[in-house]
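*Asks:* need a structure here:
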Amino acid sequence: MTREVRVRFAPSPTGPLHIGGVRTALYNYLFARRHGGKMILRIEDTDSQRFVPGAEDYIIESLKWCGIEIDEGVGVGGPHAPYRQSERRELYLKYATQLVDAGWAYYAFDTAEELDALRKEYEGRGETFAYNFKVRTTLPTSLSLSKEEVEERIARGDIWVIRFKMPENEVVKMHDLIRGDVEVNTSTLDDKVLYKSVDALPTYHLANIVDDHLMEISHVIRGEEWLPSLPLHYLLYKAFGWTDSQPEFAHLPLLLKPTGGGKLSKRDGDKMGFPVFPLHWVSPTTGETARGYREDGYFADAFINMLALLGWNPGTEQEIFSMQELIDAFSLDRVSKAGARFQPDKAKWFNAQYMHRKSAEELSAFYQPILKEHGIEVSDEIAGKAAFIMKERATFVSDLWDLTSYFFVAPTEYEEKQLKKYWKGENPARLAELREVLASIDDFSLENTEKIVHAWITEKEYGMGQIMNSLRLALVGAGKGPGMYDVTSFIGKEECLKRIDHLIANVKPLE
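*Replies:* Residues are numbered from 1 along each chain as shown. Alright, predicted model coming up:
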């Protein structure tokens, strides 16, 4: 029987979700959908010291904006609820003590001060302290104390932790779906803390393994920063007797700075002028803000398309993918082992490509709020038509106002360069002639207006450029914009005549 594919995205609510985390969620989602599986959202909030109010809602909203659908988990529910680790806290002690009873873990009663003193002592000898097989029986642990003394210490409320008893000199053989076979000797590893009495909470290592097992996770797809933890996680599955149901692992490459050196950070974004988070964030504790791709004007589908190709190669020349196309093409064997360098200009390129592909109806939904900010109230059809005419010249929806404002607001000032070039000589008189030609047209459609004006220019043997640029000056106020007949048909005959009259009446021709 083939095992059902079940993956999870398990962020900690310690602040805004980095785009590296979004990419991890995306790859999990693509893998799940590709294989007809389930996508689970679990919130790993056991680190109460780093918990940030609002971060969980931010994570959920980010995934929703990106189009990453959750099948089970926080905000959705499901058969393995609860999906917040803080709400599962009573589960973990049972599993931690199970490991102690089986000889795979032990109680340790060292205080933080004692451990700091030990580290300094080792440093003084030019050595590095590691809590491992060499020292665990010399320290106050259940491996060196009698059973009675251990029970007495626990009963009187001494602070303790449960540590994993890392085997000595064993080779852990592991397989990663991206990196292949990996071997590690356990003598190089320390005894990680699994559970802490001080807050009655597990560490990441224990909670992660227990929850993945209970939630029947089939594949763990996570960042490469967790690769050093893989031997411990393999051994935990062995210690619990869960090797038959152990998930397969895949560790994703880092997102690197645009310069290529080191992990992409908020500081890089601040310094170079781009966001590293999907949505705008305001810290509830410090008031510090961070830019978001959504608020910076990126389309969600462009953002996702860009992110998908940072570390994954489809094996073809195709660059533009819908979400369904990404699902159909995605495979872990085409995920790179090397870090992926983030390119801000490429992110803008993707957004421009999506801008150019959007329909008038789609663009209208994005453009209407901007028009309203400028006091413009028009139908969705009109807003969409204006955006559609100029979309090829735009990268962001925010560019559209500068590109199309003259569709809605008549110019009251005129570009000096254009005035010097076209508002002199015979041009003002010829624009007055053109005004009468336009006034005589009944069918003011783009095609008919163009046909009549071109015939008039040809008959008069006027220069096409001089006439059309004088008209552009009157209607737009500057040497920009689409074809002039796009403008005339958009603003209509009455407005065209009014703008020509305004230029003629208010601006004296140059000598």
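*Asks:* quick one, strands of the stretch 151-300 of the chain?
*Replies:* Applying DSSP state E, counting those that start in this stretch to the stretch 151-300 of the chain gives strands spanning 161-164, 171-176, 180-185, 193-196, 201-202, 219-223, 248-252, 255-256, 281-282, 289-290.
*Asks:* want to try a markdown table for those strands, with mean neighbour count, distance to residue 491 and mean pLDDT as columns?
*Replies:* (Glycine included, C-beta is placed from N, CA and C.) Below are those laid out as a markdown table (neighbours: other C-beta atoms under 10 Å; distance: least, C-beta to C-beta, whole Å; pLDDT from 0 to 100):
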| stretch | mean neighbour count | distance to residue 491 | mean pLDDT |
| --- | --- | --- | --- |
| strand 161-164 | 24 | 74 | 98 |
| strand 171-176 | 14 | 61 | 97 |
| strand 180-185 | 12 | 64 | 96 |
| strand 193-196 | 21 | 70 | 96 |
| strand 201-202 | 22 | 65 | 92 |
| strand 219-223 | 22 | 53 | 97 |
| strand 248-252 | 21 | 52 | 98 |
| strand 255-256 | 22 | 46 | 95 |
| strand 281-282 | 18 | 41 | 96 |
| strand 289-290 | 14 | 40 | 94 |
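*Asks:* Figure out which of these is closest to residue 471.
*Replies:* strand 289-290 (45.6 Å; C-beta to C-beta).
*Asks:* Give me the sheet partners of that closest one and which way each runs.
*Replies:* Paired strands of strand 289-290, with direction, are strand 281-282 (antiparallel) (DSSP bridges).
*Asks:* From the rest of the structure, what touches the strand it pairs with?
*Replies:* 15-16, 58, 288-290, 292 (C-beta atoms under 8 Å, 6 or more residues apart in numbering).
*Asks:* Of the residues you listed, which is the most crowded?
*Replies:* Counting neighbours by other C-beta atoms under 10 Å, residue 16 leads the contacts of strand 281-282 with 25 neighbours.
*Asks:* how near is that residue to residue 308?
*Replies:* For residue 16, the distance to residue 308 equals 21 Å [C-beta to C-beta, to the nearest Å].
*Asks:* what do you get for residue 22?
*Replies:* Applying C-beta to C-beta to residue 22 and residue 308 gives a distance of 10 Å.
*Asks:* which of these two has more neighbours?
*Replies:* In this view residue 22 and residue 308 are compared by other C-beta under 10 Å, and residue 22 has more residues nearby, 25 against 20.
*Asks:* Just give the nearest non-adjacent residue to that one, would you?
*Replies:* residue 278 (5.5 Å; C-beta to C-beta, 6 or more residues apart in numbering).
*Asks:* from what I can see that neighbour touches residue 66, true?
*Replies:* Yes: between residue 278 and residue 66 there is a contact under C-beta atoms under 8 Å: 6.4 Å.
*Asks:* could you redo the strands of the stretch 151-300 of the chain as CSV and give each row distance to residue 112?
*Replies:* Formatted as CSV, the strands of the stretch 151-300 of the chain follow (distance: least, C-beta to C-beta, whole Å):
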stretch, distance to residue 112
strand 161-164, 10
strand 171-176, 29
strand 180-185, 28
strand 193-196, 11
strand 201-202, 16
strand 219-223, 28
strand 248-252, 31
strand 255-256, 34
strand 281-282, 32
strand 289-290, 32
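*Asks:* just for the chain, where's the confidence low?
*Replies:* 1 (pLDDT under 70).
*Asks:* which of the contacts of strand 281-282 lies closest to residue 385?
*Replies:* residue 292 (29.1 Å).
*Asks:* How many residues are close by residue 47?
*Replies:* 16.
*Asks:* To clarify, my last question referred to residue 444.
*Replies:* 17.
*Asks:* Using the three-state scheme, assign it.
*Replies:* Of the three states, residue 444 takes coil under DSSP: H, G, I helix; E, B strand; the rest coil.
*Asks:* So what sits opposite residue 195 in the bridge?
*Replies:* Applying DSSP bridges to residue 195, the residues it is bridged with are residue 162, residue 202.
*Asks:* so it touches residue 204, yeah?
*Replies:* No: judged on C-beta under 8 Å, residue 195 makes no contact with residue 204 at a distance of 11.4 Å.
*Asks:* So which residues of the stretch 251-400 of the chain form helices?
*Replies:* 266-272, 300-308, 323-329, 344-357, 360-373, 380-390, 400-408 (DSSP state H, counting those that start in this stretch).
*Asks:* List the buried residues in stretch 487-506.
*Replies:* The neighbour-count check on stretch 487-506 (16 or more other C-beta atoms under 10 Å) flags 487-491, 493, 496, 499-500, 502-504 as buried.
*Asks:* Can you lay out those as CSV showing distance to residue 111?
*Replies:* As requested, the buried residues of stretch 487-506 are exported to CSV (distance: C-beta to C-beta, whole Å):
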residue, distance to residue 111
487, 77
488, 82
489, 80
490, 76
491, 78
493, 86
496, 84
499, 81
500, 86
502, 83
503, 84
504, 89
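*Asks:* Can you tell me which of the residues you listed is nearest residue 74?
*Replies:* Closest to residue 74, out of all of the buried residues of stretch 487-506 and judged by C-beta to C-beta, is residue 490, at 47.7 Å.
*Asks:* Now do the contacts for the closest one.
*Replies:* Counted by C-beta under 8 Å, 6+ apart, residue 490 has contacts 385-386, 389, 407.
*Asks:* can you do 7 Å?
*Replies:* Residues near residue 490 by C-beta atoms under 7 Å, 6 or more residues apart in numbering: 385-386, 407.
*Asks:* so which of those is the most crowded?
*Replies:* Neighbour-wise, the contacts of residue 490 (other C-beta under 10 Å) top out at residue 386, 28 neighbours.
*Asks:* so what's that residue up against?
*Replies:* So residue 386 contacts 404, 407, 490 (C-beta under 7 Å, 6+ apart).
*Asks:* How much space separates the first one from residue 385?
*Replies:* Residue 404 sits 10 Å away from residue 385 when distances are taken as C-beta to C-beta.
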